[in-house]
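> would you be able to build a 3D model of this:
(one chain, ligands or ions: 2)
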Amino acid sequence: MTPAPHGTERSPAGDSSERVVLGIESSCDETAASVVVGGRIVLSNIISSQHDLHAEYRGVVPEIASRAHAERITPVVREALTQAGVTLAQIDAVAVSVRPGLIGSLLVGVSAAKALAWSLRRPLVGVDHVQAHLVAGLLARRPAGGGAMDVPSLTDEHAMFPALGLVVSGGHSSIFLMRSPLSITTLGGTRDDAIGEAYDKAAAILGLPYPGGPIVDRLARNGRPDTVKFPISRLEPGSLDFSFSGLKTAMLYHVHGVPTTRGRGGTAAIELNERSIADACASFQAAAVGAVILKLDRALEVCHNARTLFVGGGVSANSLLRSRLQSMATERGLRIVLPSMEFCLDNGAMIAALGHRTLAARGWMSDPFTISASPMSAIAHEVAGSGTLEVPRRP
Ligand code: KG4
Ligand code: ZN
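Ligands and ions are numbered 1, 2, ... in the order given. Prediction:
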């Protein structure tokens, strides 16, 4: 097939709510592709995780990750199409994660997306991975038997804004002001370790496998959350930033003992057994989740007119965080949008969802095929308390 020069991509025909977007994700250690209709109905969601490849290093090795993406991207896309029951010709647009992430990993997805969009003469759209986590809660599978969808239609979404967004993952712990799914600014971010990274390191200290988040979450259910006094980092008054490195060090000292100073002070290492591990997990989880709630409380003081709280990222699968967020939303009369479990971790469906909204807002015009990947986020920062946060309520 002769490739189409940029600008000759065919705009898809028909109603935007019927359009089919292929979403591709390869920013870290998941190779993922998904077919989504109308920006919200997920027909397939294929995720090939590389956890087994990185487990012995207790973290993601960039070179291993990009090589594995290159091997897996074609079969993953093929499987996404097969499970969705659509052909390449039925794809109306291709969306791909272009930042932030591991550059060698991102480039694999971006190259695959460009090749597909170019050869199909369909629009290409590059999206921000972290921003995409925020719309993961707007995705759903079509109910078996054809009942009503439990997510709002695209046209009803505007009533959910202004909103606050929370992304908690292996690489990010951030709070956003959302004027719409496409217009977001960062109010607070990670100063050091992200929350998921702290979970993974805490698990490693306790001798638990990688990734640690789901295991710590499970073991915490049998532990006592008040047995270890782990710190909750507040930072400066009013700060919406997160810091989890102190919590990670506190876990290290709790397990291996505090180092002595010239023979004085210090504490002994603890014996790791089922009981002590469960207690440490429960206490760690209480502090980690407590820090998130504390910062959201502060954010709501500044953005008191937020109507909705959008949550996303791998740690949004955490059972304690989900229940604390639900209670917080109920108490404050906030609507909460939490992703279903399959859309918490990195996936192509959220990329398709954000890609769909981006394309719909600009008449399905393609990005230039010269777009590239970037390790850095491009989301602007907004300073809480600067007076710029007041978002007027819609009449
Ligand atoms: O969003 P994600 O797949 O990747 C990044 O963009 O970083 O998040 C992965 C992170 C890992 O750190 C993992 O330990 C954490 O999410 N995670 C959890 C849970 N499930 C996954 N952390 C706490 N509780 C969980 N249930
Ligand atoms: Zn992610």
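> so where's the protein shaky on pLDDT?
Within the chain, the stretches with pLDDT under 70 are 1-14, 262-265, 384-395.
> and the helices in the stretch 201-350 of the chain?
Ranges of helices in the stretch 201-350 of the chain, per DSSP state H, counting those that start in this stretch, are 213-220, 245-256, 274-302, 319-332, 348-361.
> for the last one, buried residues please.
Meaning helix 348-361. 348-360 (16 or more other CB atoms under 10 Å). Placement of C-beta: from N, CA and C, glycine included.
> adding distance to ligand 1, write the residues you listed out as JSON lines.
Below are these laid out as JSON lines (distance: CB to the nearest ligand atom, whole Å):
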{"residue": "Gly348", "distance to ligand 1": "12"}
{"residue": "Ala349", "distance to ligand 1": "13"}
{"residue": "Met350", "distance to ligand 1": "10"}
{"residue": "Ile351", "distance to ligand 1": "12"}
{"residue": "Ala352", "distance to ligand 1": "16"}
{"residue": "Ala353", "distance to ligand 1": "15"}
{"residue": "Leu354", "distance to ligand 1": "14"}
{"residue": "Gly355", "distance to ligand 1": "17"}
{"residue": "His356", "distance to ligand 1": "20"}
{"residue": "Arg357", "distance to ligand 1": "20"}
{"residue": "Thr358", "distance to ligand 1": "20"}
{"residue": "Leu359", "distance to ligand 1": "23"}
{"residue": "Ala360", "distance to ligand 1": "25"}
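> which of those lies closest to ligand 2?
Met350 (8.6 Å; CB to the ion).
> where's that closest one relative to Leu138, distance?
Noted for Met350: a distance of 9 Å to Leu138, by CB to CB, to the nearest Å.
> got the residues of the stretch 251-395 of the chain near ligand 1?
Residues of the stretch 251-395 of the chain that fall close to ligand 1, judged by CB under 6 Å from any ligand atom: 313-315, 317-318, 345-346.
> quick one: which of the residues you listed is most hemmed in?
Neighbour tally across those (other CB atoms under 10 Å): the maximum, 30 neighbours, falls on Val315.
> am I right that that one is in contact with Val168?
Yes: using CB atoms under 8 Å, Val315 is in contact with Val168, at 3.8 Å.
> find the nearest non-adjacent residue to the residue most central in space within the chain, please.
What sits nearest the mean C-alpha location of the chain, by CA atoms, centre = their mean, is Gly313, with 2.7 Å. Nearest residue to Gly313, sequence neighbours excluded (CB to CB, 6 or more residues apart in numbering): Ser169, at 3.3 Å.
> against Ser374, how distant is the one you found?
Separation of Ser169 from Ser374 (CB to CB) stands at 18 Å.
> more neighbours: the two, which one.
The neighbour comparison of Ser169 against Ser374 (other CB under 10 Å) goes to Ser169, with 25 against 16.
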